[in-house]
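> Generate coordinates for the sequence data below:
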Amino acid sequence: MHREGDVSVYYAPFEWVNPQARIVLVGITPGKVQAVNALKEARRALDEGASDEEALRRAKLTGAFSGPMRPNLIALLDSIGMHAKLGLTSCDELFGRSSSLLQTASALQFPVFFRGENYNGTPDPTRHPLLQRLLTDYFGSMMGQLPNAAFIPLGPVPSKALDWLVAKGVVKGSQVLHGLPHPSGANGERIAFFLGRKQRSELSAKTNAVKLEASKAALIAAVSSFRA
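Predicted coordinates for the structure are as follows:
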């Protein structure tokens, strides 16, 4: 789709938007595996006679936060009271019978690669001209279709991107709920402390307990006051 220096952008069918969504989980960008899986599912749906809309829906939902990441994500969302705000027993239902309430998204909607590898946040998407255009033209447009949804960035790069869009007036700051740890297994210690499964005295020096406690308190308050 686009190329600028070491940054390249490829198409994969991730543009479907769920107009009923009340919570939007925002990652950085789809990786190679996600892109291939989405393309295969879209092809399968079209071969079965599905409409373009249905093919895009199926492609978008395929593999969303699947594997060991999903239990972590569900536990994190439940710990800040999102299930109660949405009238659910657990946020596990967002991946089942209550999937109509969920939109999964990426700040950089289409797969971005840096020097041929999965993009990990470098270069800064809020300072790189091509990535800025992706933020506004694609993700910003999607945000405009969900004026009443809560956007939850997963990790510092999506969080920074959302703040940049708020500053641009693309979305209201009250819609963005910052501070949830990324649900990746590589983030296990921070997740365990956030969930109360690990005590402060057991933490390594790399985990900032004070910051995590403040983030959790702020998120609980934000979720409680959010009009879902």
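> From here on, just use CA atoms for contacts and neighbour counts.
OK.
> Give me the nearest residue to residue 23, chain neighbours excluded.
Leaving aside its chain neighbours, residue 23 sits nearest to residue 150 (4.8 Å; criterion: Cα to Cα, 6 or more residues apart in numbering).
> Please report phi then psi for that neighbour.
Torsion angles at residue 150 (phi, psi; degrees, to the nearest 10) stand at phi -90, psi 130.
> Who are the contact partners of it?
Applying Cα atoms under 8 Å, 6 or more residues apart in numbering to residue 150 gives the contacts 22, 23, 24, 175, 176, 177, 226, 228.
> Spell out the secondary structure type for the residue located most distally from the centre of the chain.
What lies farthest from the middle of the chain is residue 201; by Cα atoms, centre = their mean that is 30.8 Å. Secondary structure, DSSP: H, G, I helix; E, B strand; the rest coil: residue 201 is helix.
> Which residues does the residue positioned nearest the centre of the chain form beta bridges with?
Ranked by distance to the mean C-alpha position of the chain (Cα atoms, centre = their mean), the top residue is residue 26 at 1.8 Å. Beta-bridge partners of residue 26, counted by DSSP bridges, are residue 105, residue 153.
> ok, it - contacts?
104, 105, 106, 107, 151, 152, 153, 154, 158.
> Flag the shaky bits of this structure, pLDDT-wise.
For the chain, the stretches flagged by pLDDT under 70 are 228.
> how about the strands in it?
Here the chain has its strands, by DSSP state E, at 2-4, 7-9, 23-27, 102-106, 112-114, 117-118, 150-153.
> shouldn't residue 130 be in contact with residue 4?
Yes: using Cα atoms under 8 Å, residue 130 is in contact with residue 4, at 6.9 Å.
> which of these two has more neighbours?
Ranked by neighbour count (other Cα atoms under 10 Å), residue 130 and residue 4 place residue 130 first, with 17 against 12.
> So the residue nearest to the centre of the chain versus residue 126, what's the distance?
Per Cα to Cα, to the nearest Å, residue 26 is found 16 Å from residue 126.
> try residue 90
Distance, residue 90 to residue 126, using Cα to Cα: 34 Å.
> just the helices in the protein please.
Along the chain, the segments classed as helices by DSSP state H run 32-47, 52-61, 69-79, 82-85, 129-134, 141-144, 156-167, 188-194, 209-225.
> would you list these in CSV and tack on distance to residue 15?
Output for the helices of the chain, formatted as CSV (distance: least, Cα to Cα, whole Å):
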stretch, distance to residue 15
helix 32-47, 11
helix 52-61, 7
helix 69-79, 22
helix 82-85, 25
helix 129-134, 12
helix 141-144, 8
helix 156-167, 17
helix 188-194, 30
helix 209-225, 27
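> All set now, cheers.
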